[in-house]
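*Asks:* turn this into a model:
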Amino acid sequence: MRRRTALLLGAALAVAPAVPAHAHPDHPADPGGSPPQPGPYGRGWRPLAPIASGPRQEHSVAAVGDHVYVIGGIVTDGSGGIPTTGRVDVYDTRRDTWSTAAPLPVPMNHPNVAVVGGRIHVLGGLSGGSEWQALRDCFVYSPRADRWRRLPPMPRGLERGSAAMGVYGRRILLAGGMRVLVPGPGGLQDTVATVSAY
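*Replies:* Predicted coordinates:
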């Protein structure tokens, strides 16, 4: 892995400590409703600036140079809903600060994200209301221009979100994922074992 470009899978970033934690419908929130309290940091851990936009789940994360990009996901809307967002927050690892980047052109949760050549590729994901469906939409982001460009869509039948992502040379590999996710009690996950290369 080159020093300036990295792919982060399943990373979780800090949430604002003054905001109550919200959970996915299958993941109960703290029963007391109190925000997480800072604990003792040791063994190399230390607190960083909290993500400015507040708590988020079901997003993806990628790093380009000294910047970490938190892409898409779900947020709470204050009324108990869990809308999908296209928001992109950027953490500067040198300055310990947050900023925003151009949002995804199509809001997605569980986006399939990989970095090749210093550009962030989003190859499908999930979106929808109470039932999240796979999207074929694909985009590439240029950090220098702060701009998304549409790519050819995923072939019909291969669309999915939440795939395990990898990069081999200039190829992006997608393994597994979900075509449908119905969150909540009694929900559904339509998972696939497909492996694809872009």
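
*Asks:* give me the below-cutoff pLDDT ranges for this structure.
*Replies:* 1-40 (pLDDT under 70).

*Asks:* could you dump stretch 126-138 to PDB, C-alpha only?
*Replies:* Extracted C-alpha coordinates of stretch 126-138, given in PDB (Å, rounded to 0.1, in the frame of the first residue of the first chain):
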ATOM      1  CA  LEU A 126     -28.000   1.300  -1.200                       C
ATOM      2  CA  SER A 127     -30.800   3.900  -0.900                       C
ATOM      3  CA  GLY A 128     -34.500   4.200  -0.300                       C
ATOM      4  CA  GLY A 129     -37.000   4.800   2.500                       C
ATOM      5  CA  SER A 130     -37.900   1.900   4.800                       C
ATOM      6  CA  GLU A 131     -36.400  -0.600   2.400                       C
ATOM      7  CA  TRP A 132     -33.000   0.100   1.000                       C
ATOM      8  CA  GLN A 133     -32.400  -1.100  -2.600                       C
ATOM      9  CA  ALA A 134     -29.200  -1.500  -4.600                       C
ATOM     10  CA  LEU A 135     -28.200   1.400  -6.900                       C
ATOM     11  CA  ARG A 136     -26.300   1.000 -10.100                       C
ATOM     12  CA  ASP A 137     -25.000   4.600 -10.000                       C
ATOM     13  CA  CYS A 138     -21.200   5.000 -10.100                       C
END
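
*Asks:* flag every buried residue along that stretch.
*Replies:* 126-127, 132-138 (16 or more other Cβ atoms under 10 Å). Yep, even glycine has a C-beta here, placed from its N, CA and C like the rest.

*Asks:* which residues sit against that stretch?
*Replies:* With contacts defined as Cβ atoms under 8 Å, 6 or more residues apart in numbering, stretch 126-138 is touched by 58, 84, 105-110, 121-125, 150-156, 159-162, 177-184, 198.
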